[in-house]
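Peer 1: Predicted coordinates and the sequence they were generated for:
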Amino acid sequence: MGYELPGGRGGRRPRRLRGVLSVVAVGLFVCCVGAAGLGAWNYQHVRQSSGAAQEAAEAFLQEVTSGDAGGAYDRLCVDTRERWSRDEFERRLSVPPTITRYAIEDVTVASDRGQLRATATAKLTRRSGAVDRREMPMIKDGDEWRVCGDPF
């Protein structure tokens, strides 16, 4: 007389269950590798963009300090150009306290729903000798970074 364990087949798992678990494990592995790859790509993309954003902020401030209002205006984003006409911007640049020196202290770049945005923090020295810090929001427009908001 034979003795049979409850559950029918002894302690063995069915082959079908092992196959399903293997497919699930492979699927999870592929998802994790894909997510890690996407995260690394995004990090690298943002990291490379911070240098370009800093260069754009420096070019904008160089044009402001040298009095090239037209060049600086062309570096503004569309929203800011809609709020300031070229003439208003040029008048604002010529009104003291004008900026005589600047130093970019920090640039942070982030992706917001696929749109790259940056904030450049600059130390501005005015003709009067006063020094203040300004945050210049920036947005990537095509291949170029543009300054948004009130840069003064």
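Peer 2: In hand now; what should we look at? Numbering: from 1, shown residues only.

Peer 1: Pull out the buried positions in stretch 92-104.
Peer 2: By 16 or more other CB atoms under 10 Å, the buried positions in stretch 92-104 come out as L93, T98, I99, Y102, I104. Where you see a C-beta, it was placed from the backbone N, CA and C, and this is true even at glycine.

Peer 1: and those as a markdown table, adding secondary structure, pLDDT and distance to R16?
Peer 2: Supplementary listing: the buried residues of stretch 92-104 in a markdown table, determined by DSSP: H, G, I helix; E, B strand; the rest coil; pLDDT from 0 to 100; distance: CB to CB, whole Å:
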| residue | secondary structure | pLDDT | distance to R16 |
| --- | --- | --- | --- |
| L93 | helix | 83 | 75 |
| T98 | coil | 85 | 78 |
| I99 | strand | 89 | 73 |
| Y102 | strand | 95 | 69 |
| I104 | strand | 95 | 63 |
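
Peer 1: Would you reformat those residues as TSV and include distance to K140?
Peer 2: TSV is the format used below for these (distance: CB to CB, whole Å):
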residue	distance to K140
L93	24
T98	28
I99	24
Y102	21
I104	17
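
Peer 1: any idea which of those residues is closest to R15?
Peer 2: I104 (64.0 Å; CB to CB).

Peer 1: Just list whatever residues bridge to that closest one.
Peer 2: Using DSSP bridges, the bridge partners assigned to I104 are A122.

Peer 1: quick one: which of the buried residues of stretch 92-104 is nearest G114?
Peer 2: Ranking the buried residues of stretch 92-104 by separation from G114, with CB to CB as the measure, puts I104 on top at 25.7 Å.

Peer 1: can you pull the contacts of the closest one?
Peer 2: Contacts here follow CB atoms under 8 Å, 6 or more residues apart in numbering; on that basis I104 touches Q54, A57, E58, L61, A120, T121, A122.
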